[in-house]
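Trainee: Quick check, what structure comes out for this input:
(2 chains)
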Amino acid sequence: MSEALACRDLSVGYGTRTVLDGLSLEIATGLWTAVVGPNGSGKSTLLRALAGLTTPRSGTVSLQGRALQAWPRRERARRLAWLAQDSGVTNLTAAEVVGLGRFAHSGWLAHRKSEDDAAMRRAMLATGSLPWATRRMTTLSGGERQRVLLARVLAVEAAVVLLDEPTAHLDPPHQEDIARLLRDQAQGCGVCMVSAIHDLSLALTADRLIVLGAQGLVGHGTVREALAGDWLSTAFRTRVDIIEHEGVYLWRPALAPAASVRA
Amino acid sequence: MSALRPSIVELELPLFAANTGWRLAAWLAACLAVTLLLTASSLLIGTSSLETSFGWLLNPDAQSSVILWQIRLPRTVGAWFAGALLGLAGAIAQGVFRNPLAEPYLLGSASGAALGVTLSLLAADASLGGLAWAGKLGVTGAACIGACAAIALTILLSRGVLATASLLLAGIVVAFLLSAVTSLLLLSKPDVWRAMQAFLLGNTGFLSWSSVGLLGIVFVVCLAPAVLLSRGLDALSLGEDTARSLGLSLPMLRLTLLGVLSLATATAVGQVGIVGFVGLVAPHLVRETVSVNHRQLLIGAPLCGGALLQAADLVSRWIVHPAELPVGAVTAVVGGIYLVLLLWRRNRHE
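Mentor: Numbers count the residues shown, from 1 in each chain, chains lettered A, B, ... in the order given. As a prediction, the model looks like this:
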């Protein structure tokens, strides 16, 4: 197990606001790491900085032991893929969108090679989006679209995959599908998967947690370590109850069911 | 069982629909057929009341021959190229700014061209030296320089090409500013103002074979890089950050395409004046009839824009025959009606 992605003393801010201050992380490969924390704690900012989309005020990010800026653009894009929280409205077909994931491999002019086709097919099979490959993105439901976008990221076949809220706008069973996919990709294909996840129960199925609070990094480690140290309560600045039920960790709301239900 | 586990049947599914290529080809062929039809018809229609028969077309006398080959043919071919440039510029603008309402003039080129022409006309009016200078430059040259200067000013004001919002805002500011200057200059010169109107409303009447040559060369020069970079526009449609994460150089893509946009618009404006709506409507028409990626759009929109301006040119000559309407007025009316219909249809669907 080696680190695929690391940052040292990373500080990022917008205008006068500092979002991340002196953050240091080493993220291992072959594992799915979930980034959790309250709104505004800098989950997206961290992922964007790790992806090289935001220039940090100070500190460095290194990809496979080499500084992010030192990588040639296309080579970097082959090793590190990023999924936005919200993608633009596009007129393309699902397969055309997934094909864009092969841009760093084939470039501007290239005709799709058989290996590009194979990668696209693998990615669409893995996300279950192949049945609507020929359909326009505009005709797909939110969940279907999200799977196509996930396939776009997987089609890059990068060693490091950063995903900003890949389960947003999905119903719970489909969220679970995505979580399973992330775990399979990480463990089965040896990919370094890092995703911001809003749903705490879902995040607790990940291999590792990065817990961010308003004051910065609360902790980075296994789920067991996070629960033992009560990192989530610290991050959310309120009591966060996690219960274990038949080997599954669940976030327990403090709010009891409505009186009308109990009666 | 997970919904993500593929079935055996799924493994054979195609990535791309087999019939898309044919539908696009049929559409492009239809565009070309319409163009040929319009070219033939426009040879028969004009201000001078010539016998409009195909027999006359095949066997013209000397005077008709000049009208046919030196006036009508370059005019309609030039109109096609100008429309194609505007269609291409519109498709590029809508792709670069990720906005279906973007159009070729959004960087202030139209107002710049108008100011350029005004200045050259005023100079010609003021002194002999100015007349010689303006004569050498010509209306087209002045318009082209004005358009380029306005776009340069816009890019300068927004300090580069990276921030979409500030670029658009700078374009609006420049357009207003230059229009105000033009109006102020023309206020005191009613005769120059009248000459300006012919240009402001768009006019295909100045087109000659030399302008056709220029338009054709610029069209090829603009189309090639645009089509080569079309995959970048596809990537950009998913968002700027996604495009960057895919390994795309956003400044290179933006600068090249805005350069192409400026060259195409300035050339078209220089030759036919400010023809509105073609650049806006042509990409829309393509997208409404065949759903396309950017490579297909960047080829389809010029073909569509060319046919549109040819048709408008034909209508402008025929509707008040033997007089002529400014072609820009025709495109504005037809394009406006089309957009309103589009809006109504959208509203009904929602």
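Trainee: State the phi and psi torsions of residue 164.
Mentor: No chain specified, so I'll use chain A. phi -100, psi 100 (degrees, to the nearest 10).
Trainee: try chain B instead
Mentor: The phi/psi pair for residue B:164 (degrees, to the nearest 10) is phi -60, psi -50.
Trainee: which regions of the stretch 1-150 of chain B lie under the pLDDT threshold?
Mentor: The model of the stretch 1-150 of chain B has pLDDT under 70 over residues B:1-11, B:46-60.
Trainee: again, only using 80
Mentor: Residue ranges of the stretch 1-150 of chain B with pLDDT under 80: B:1-13, B:17-21, B:44-68, B:125-140.
Trainee: what ranges do the helices span in it?
Mentor: Applying DSSP state H, counting those that start in this stretch to the stretch 1-150 of chain B gives helices spanning B:20-44, B:54-58, B:62-66, B:73-96, B:109-126, B:128-157.
Trainee: what does the stretch 201-350 of chain B put close to chain A?
Mentor: B:228-229, B:231-232, B:234-235, B:237-239, B:241-242, B:244-249, B:287, B:291-293 (CB under 8 Å from any CB of the partner chain). Any C-beta I mention is one placed from the backbone N, CA and C, and that applies to glycine too.
Trainee: Return a ChimeraX selection command for the buried portion of the residues you listed.
Mentor: Buried residues within these, by 16 or more other CB atoms under 10 Å in any protein chain shown, are selected in ChimeraX with:
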select /B:229,231,232,234,235,237,238,239,241,242,244,245,246,247,248,287,291,292,293
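Trainee: Tell me which of the residues of the stretch 201-350 of chain B next to chain A fall in helices.
Mentor: Among these, DSSP state H puts B:228, B:231-232, B:234-235, B:241-242, B:244-245, B:287 in helices.
Trainee: Whichever residue of the stretch 151-263 of chain A sits closest to chain B: helix or strand, and which one exactly?
Mentor: Residue of the stretch 151-263 of chain A nearest chain B, by CB to the nearest CB: residue A:177 (5.1 Å). Secondary structure from DSSP states H and E places residue A:177 in helix A:172-189.
Trainee: For that helix, buried residues please.
Mentor: A:174-179, A:181-186.
Trainee: Repeat that for stretch B:124-134.
Mentor: Per 16+ other CB under 10 Å, stretch B:124-134 contains these buried residues: B:124, B:130, B:134.
Trainee: Output stretch B:140-160 as CSV - backbone C-alpha positions only.
Mentor: The C-alpha trace of stretch B:140-160 is given here as CSV (Å, rounded to 0.1, in the frame of the first residue of the first chain):
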residue,chain,number,x,y,z
THR,B,140,-15.2,47.0,-46.0
GLY,B,141,-11.7,47.6,-44.7
ALA,B,142,-12.9,50.3,-42.3
ALA,B,143,-15.7,47.9,-41.0
CYS,B,144,-13.2,45.1,-40.6
ILE,B,145,-10.7,47.2,-38.7
GLY,B,146,-13.4,48.7,-36.5
ALA,B,147,-14.7,45.2,-35.6
CYS,B,148,-11.3,43.9,-34.8
ALA,B,149,-10.5,47.0,-32.7
ALA,B,150,-13.7,46.6,-30.7
ILE,B,151,-13.0,42.9,-30.0
ALA,B,152,-9.5,43.7,-28.9
LEU,B,153,-10.9,46.5,-26.6
THR,B,154,-13.3,44.0,-25.1
ILE,B,155,-10.6,41.4,-24.4
LEU,B,156,-8.4,44.2,-23.0
LEU,B,157,-11.2,45.4,-20.7
SER,B,158,-11.9,41.9,-19.3
ARG,B,159,-8.2,41.4,-18.9
GLY,B,160,-8.0,38.2,-20.9
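Trainee: Mind listing residues that contact that stretch?
Mentor: With contact meaning CB atoms under 8 Å, 6 or more residues apart in numbering or on different chains, stretch B:140-160 is reached by B:107-117, B:119-120, B:134, B:137, B:161, B:166-167, B:169-171, B:173-175, B:178, B:199, B:206, B:211, B:251, B:258, B:262, B:265-267, B:269-271, B:273.
Trainee: closest point of chain A to chain B, which residue?
Mentor: At 2.8 Å from chain B, residue A:77 is the closest residue in chain A, using CB to the nearest CB.
Trainee: my guess is that residue meets residue A:106, correct?
Mentor: No - under the criterion of CB atoms under 8 Å, residue A:77 makes no contact with residue A:106, lying 11.5 Å away.
Trainee: And those two? Which one has more around it.
Mentor: In terms of neighbours (other CB atoms under 10 Å in any protein chain shown), residue A:77 is the more surrounded of residue A:77 and residue A:106; the figures are 24 against 15.
Trainee: Name the helix or strand for the more buried one, please.
Mentor: helix A:73-79.
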